Structure formats: C-alpha cells, structure tokens
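J.: Pasting a predicted model and its sequence here:
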Amino acid sequence: MKNTTKYYRVVKENNYSVISNEFIRRKDLSWKAKGILTYILTLPDDWKINLNEIMTHSTDGERSFRSGWKELETTGYIKRYPVRDGQRIKHWETIIRESVDIEPSSLLCGFVDVQDVDVQNVDVQNVELLSTNNNQVLKEQSTDKSSAPSDKKKAYGEADNVMLKDDELEKLKERFSDYEDRINNLSYYMASKGAKYKSHYMTILAWARKDEPKQQSTKDWRALRK
C-alpha cells in the first residue's frame, strides 16, 4: 500500500511571514529551538525581546524554553549580552540571526542596521503582536504588564528547589560559565540534606568564595609540577 500526503495551504495575502529554510532544515537543532527562532522571526523588526513575555505564547515550561534558547545561543543564532553603565546593567542587548552565515558586521534587521534597532530586555507593556509583512494586528496580545524584570522568584535546578529572581539568574550567567552546575549543586544538596537558605543566590556566591582558595591551590600545584 502506498502512502499519500495532501497539503492544504492558506493564501498568503496577510498575516504571514517569509523565513529562511536554513535553520529549519538543520538536523542538529531540536524542534523546540527551531520553534522558538521561528516565532521570534515572525515578530516585527522593532520588537523588544523579553524572555518572560515570549514564554507566555507556548505551552512549554520555562526549563524547556531556556534549554531551546541556550541551544540557539550555542549555535550562534542568538547573542544576548548586558549593556552596562559603570557596574550597573543598564539593559540587555539581543541580536537575532536568521542564518549563522550572516557576519556580525553586516547584520540587518529588515533594512535597518541592527545598531539602530532598540532590542532592550524590557518587558512589553500593552503591545500588540504584528505581522511582519504589513503590520496587521495578530489576535494575541502581550500578557506581561510590568516595566522591569520580575522580582518573583522562579524554581531552578534538578529538584526545582533553587529559587532565583530573573536578575539573579542573569548575574550568575555573567559571573560563572558553569552557572548551571553551581545551581544544580545547591539543588542536590538541599534535596538530600533538607537544608534551607534565606537567599539561594547569595548561597551560590558564598560557595564560590569558599572554592576560590581550593582553585588557587590547584593552580599553584599544577604550576609546581611543570
């Protein structure tokens, strides 16, 4: 018996997007990573990227979303970094690449230089989603009403017991390349020992300070062996 497939497509007159097949056809990207990037590329070029707001438009949980987001960062489709005013983080800059073949010096958002596009990590307030071809309003609207990163703590770690604010998680990402391991170490310890801490963020920093002498001792020992 021969299998058959029939496609029923809509006429693209409004509310549609044109997207490159480059990342969609890649076999080394997960479906969730492809889905996240596809959704982002349907947004207008002046859309302000906010991770919490994006997560409200799918049934995936936060851990699944962040896993897909990290995959896009690792493969080069997304770059996110803090813009500082002295020691203070002024805002987060996000660069979205539709193809990894695009060189950073020639990145464009539509027909506008990416340096001229404001893609701060601020929450979207009463902003309607628009189609990318003719700016017609889509049905859904942003559900995020705040104007600053959320102060509400969220659960992280293997046991979902490490509670961190959004800005605390971002600070850990900046400070430690192995921030996920550090979060999981605290998660394992609390789950196995029943330990409780007033601030999980400060606990991770305190543990890091305790590890510094050990790391320095290891470096000195290796230096003597050379």
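T.: Right, received. Where do you want to start? Residues are numbered from 1 along each chain as shown.
J.: Please list all residues in contact with the residue positioned nearest the centre of the chain.
T.: Geometric centre of the chain, nearest residue: residue 69, 4.5 Å, by CA atoms, centre = their mean. Residues in contact with residue 69 (CB atoms under 8 Å, 6 or more residues apart in numbering) are 33, 36, 51, 78. (Glycine included, C-beta is placed from N, CA and C.)
J.: ok, those residues vs residue 15, which is closest?
T.: Of all these, residue 36 has the smallest distance to residue 15: 20.0 Å, by CB to CB.
J.: That closest one contacts residue 68, correct?
T.: Yes - shown here, residue 36 and residue 68 form a contact pair, counting by CB atoms under 8 Å, at 4.8 Å.
J.: Does residue 177 belong to a helix, a strand or coil?
T.: State at residue 177, reduced to three classes by DSSP: H, G, I helix; E, B strand; the rest coil: coil.
J.: State the distance from it to residue 48.
T.: Taking CB to CB, to the nearest Å as the measure, residue 177 falls 27 Å from residue 48.
J.: Which residue ranges of the protein form strands?
T.: Secondary structure of the chain (DSSP state E): strands at 78-85, 88-96, 108-109, 112-113, 128-130, 137-141, 154-156, 162-164.
J.: Can you flag the weakest of these by average pLDDT?
T.: Ranked on mean pLDDT, the bottom entry among those is strand 112-113, at a mean of 34.
J.: follow-up on the earlier one: residue 177 and residue 48: which is more packed in?
T.: residue 48 (20 against 8; other CB atoms under 10 Å).
J.: Quick check: pLDDT value at the more buried one.
T.: At residue 48, the model reports a pLDDT of 82.
J.: measure it to residue 38 for me?
T.: Separation of residue 48 from residue 38 (CB to CB): 19 Å.
J.: Over to residue 77?
T.: Taking CB to CB as the measure, residue 77 falls 11 Å from residue 38.
J.: Same question for residue 80.
T.: According to CB to CB, residue 80 and residue 38 sit 18 Å apart.
J.: more crowded one of the two?
T.: Neighbours were counted for residue 80 and for residue 38 using other CB under 10 Å; residue 80 has more, 18 against 13.
J.: Can you give me the neighbour number for the closest residue in space to the more buried one that isn't next to it in sequence?
T.: Distances taken as CB to CB, 6 or more residues apart in numbering place residue 94 nearest to residue 80, at 4.9 Å, with adjacent residues excluded. By the criterion of other CB under 10 Å, residue 94 has 19 neighbours.
J.: Surely residue 94 is in contact with residue 49?
T.: Yes - with contact defined as CB under 8 Å, residue 94 reaches residue 49; the gap is 4.3 Å.
J.: thinking residue 188 is in contact with residue 158, fair?
T.: Yes - using CB under 8 Å, residue 188 is in contact with residue 158, at 6.6 Å.
J.: Quick check on residue 45: phi, psi?
T.: Residue 45 adopts backbone torsions of phi -70, psi -20, taken as degrees, to the nearest 10.
J.: Low-confidence stretches in this protein?
T.: Along the chain, segments meeting pLDDT under 70 span 103-150, 213-226.
J.: Outline the domain layout of it.
T.: For the chain, the structural domains run 31-141, 154-225, going by automatic domain parsing.
J.: Turn those domains into a markdown table, including distance to residue 12.
T.: Shown next, in a markdown table, are the domains of the chain (distance: least, CB to CB, whole Å):
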| stretch | distance to residue 12 |
| --- | --- |
| domain 31-141 | 8 |
| domain 154-225 | 37 |
